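K.L.:
no sequence on this one, just coordinates:
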């Protein structure tokens, strides 16, 4: 098959994250099976307009938030290439392919945003305006997709897509795999000082403010050091660092910023527990990454996290979703050395359920079914 994938970012985009990584792995699997894949995505500064990434032909046009959708439609309608399948990756605003694509379509979704719209980092009053518009308007984006098949990464995501109006029989769950190419063969020893880590973009919806508050609470009950790994900058990063100073944990808190994959696994392996107070995730792949190196995760009972954290096995889910609940759970696990060692061991076992070999096989089966139905 000749497959066209629409996505607002490609893996090289400066703001690319887990969604782009996941889509790229599926595309690599499709190519390995004999299909050809073209990715139409947005342009970013100093990027090549066209190139190949792992045999995926990448075409970059327009800007990520809107222009790429218009130029994508024009590319499909007036280009010289015919496609057998078009993949429409949702991330905010989709590509509205049901309005102009007549070949089989597959919508790929990490999560239905909903409440996340209300936690954007825009300055006041734009944060409120955009948040309300997004929250109220998001269900309208799905209206053209009533008859389109969806691929999601978790049962939580499936439930949310169904709630927003898509027939459950059109939604297929394909769990994500975890990339281990940069995981060290010999894991480093845990830090001598008990280390609690947060991994994720420094954004409100990822719960970074609750993470820092949790650190502040833990600092009052034990000797800890705290690591924050993830991309962030500007006024919001300054605000977070001020919050750290105000809580009196500056001396034992490290902002690592963006790190390479090998550095990420090294830091995760050296930490004792990871916390994840994210408001919403499509799945929560970072939790599985931590588990692969024997680091259990304590997280909120949030959509997606309930799929990637196995309570009492790969870590713990807390309720209510508060920094105090996180701190109490983490401190309890650390103080009970037997529980900590058990979770470290069982978390590795849990992570082995999530391989890209399994994920690619399932997505291949799905696109084959879509083509067969069309014929």
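P.N.:
Received the coordinates, thanks. These numbers come from a predicted model, not from an experiment.
K.L.:
show me the contacts for residue 96.
P.N.:
With contact taken as Cβ atoms under 8 Å, 6 or more residues apart in numbering, residue 96 is in contact with 69, 73, 88, 144. Yep, even glycine has a C-beta here, placed from its N, CA and C like the rest.
K.L.:
Relative to residue 276, how far out is the third one?
P.N.:
According to Cβ to Cβ, to the nearest Å, residue 88 and residue 276 sit 29 Å apart.
K.L.:
Neighbour count for those two, which is higher?
P.N.:
residue 276 (29 against 25; other Cβ atoms under 10 Å).
K.L.:
Can you verify my assumption that the more buried one contacts residue 285?
P.N.:
No - counting by Cβ atoms under 8 Å, residue 276 sits too far from residue 285 to count as a contact (10.9 Å).
K.L.:
confidence score at residue 120?
P.N.:
We have a pLDDT of 70 for residue 120.
K.L.:
So which of the contacts of residue 96 wins on neighbours?
P.N.:
Most neighbours among the contacts of residue 96, by other Cβ under 10 Å: residue 88, with 25 neighbours.
K.L.:
Verify the stated contact: that one with residue 107.
P.N.:
Yes - with contact defined as Cβ under 8 Å, residue 88 reaches residue 107; the gap is 5.0 Å.
K.L.:
any common contacting residues for these two?
P.N.:
Counting by Cβ under 8 Å, 6+ apart, the residues touching both residue 88 and residue 107 are 94, 97, 148.
K.L.:
give me the number of residues near the first one?
P.N.:
For residue 94, the number of neighbouring residues by other Cβ under 10 Å comes to 21.
K.L.:
Kindly report the same for the last one.
P.N.:
The burial count assigned to residue 148 is 20, neighbours taken as other Cβ under 10 Å.
K.L.:
which residues does it contact?
P.N.:
Per Cβ under 8 Å, 6+ apart, neighbours of residue 148: 88, 97-98, 105-107, 166, 170.
K.L.:
now those residues in TSV, with distance to residue 344, secondary structure and pLDDT?
P.N.:
As requested, the contacts of residue 148 are exported to TSV (distance: Cβ to Cβ, whole Å; DSSP: H, G, I helix; E, B strand; the rest coil; pLDDT from 0 to 100):
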residue	distance to residue 344	secondary structure	pLDDT
88	40	strand	98
97	45	helix	98
98	47	helix	98
105	43	strand	97
106	38	strand	98
107	38	strand	98
166	39	coil	96
170	40	helix	97
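K.L.:
Check the residues you listed against residue 225 and report the nearest one.
P.N.:
Residue 225 has its nearest neighbour among the contacts of residue 148 in residue 107, at 43.0 Å by Cβ to Cβ.
K.L.:
Can you pull the phi and psi angles for residue 91?
P.N.:
Dihedral pair for residue 91: phi -160, psi 90, per degrees, to the nearest 10.
K.L.:
What segments of the stretch 201-350 of the chain are strands?
P.N.:
For the stretch 201-350 of the chain, the strands defined by DSSP state E, counting those that start in this stretch cover 224-229, 253-257, 273-276, 297-300, 315-318.
K.L.:
tell me the domain boundaries of the chain?
P.N.:
Split into domains by automatic domain parsing, the chain comes to 2-176+355-374, 194-351.
K.L.:
Contacts for the host helix or strand of residue 52, please.
P.N.:
Here residue 52, judged by DSSP states H and E, is contained in strand 50-53. For strand 50-53, the external contacting residues (Cβ under 8 Å, 6+ apart) are 10-12, 24, 39, 57-60.
K.L.:
tell me which element residue 92 is part of?
P.N.:
Using DSSP H and E, residue 92 sits within no helix or strand.
K.L.:
Use 29 as the first number for this chain going forward.
P.N.:
New numbering, starting at 29: the last item is residue 120.
K.L.:
Next, work out how far apart it and residue 174 are.
P.N.:
Residue 120 is 20 Å from residue 174, by Cβ to Cβ.
K.L.:
and those two? which has more neighbours close in?
P.N.:
Remark: of residue 120 and residue 174, residue 120 carries more neighbours, 14 against 11, as counted by other Cβ under 10 Å.
K.L.:
surely that one meets residue 36?
P.N.:
Yes - between residue 120 and residue 36 a contact is recorded at 7.0 Å, counting by Cβ under 8 Å.
K.L.:
okay, and the common contacts of these two?
P.N.:
By Cβ under 8 Å, 6+ apart, residue 120 and residue 36 have these common neighbours: residue 93.
K.L.:
circling back: could you tell me which of the contacts of residue 176 count as buried?
P.N.:
Buried subset of the contacts of residue 176 (neighbour count, 16 or more other Cβ atoms under 10 Å): 116, 125-126, 133-135, 194.
K.L.:
low-confidence ranges in the chain?
P.N.:
Residue ranges of the chain with pLDDT under 70: 142, 145, 149-150.
K.L.:
biggest helix in it, by residue count?
P.N.:
Looking across the chain with DSSP state H, the single longest helix is helix 384-402.
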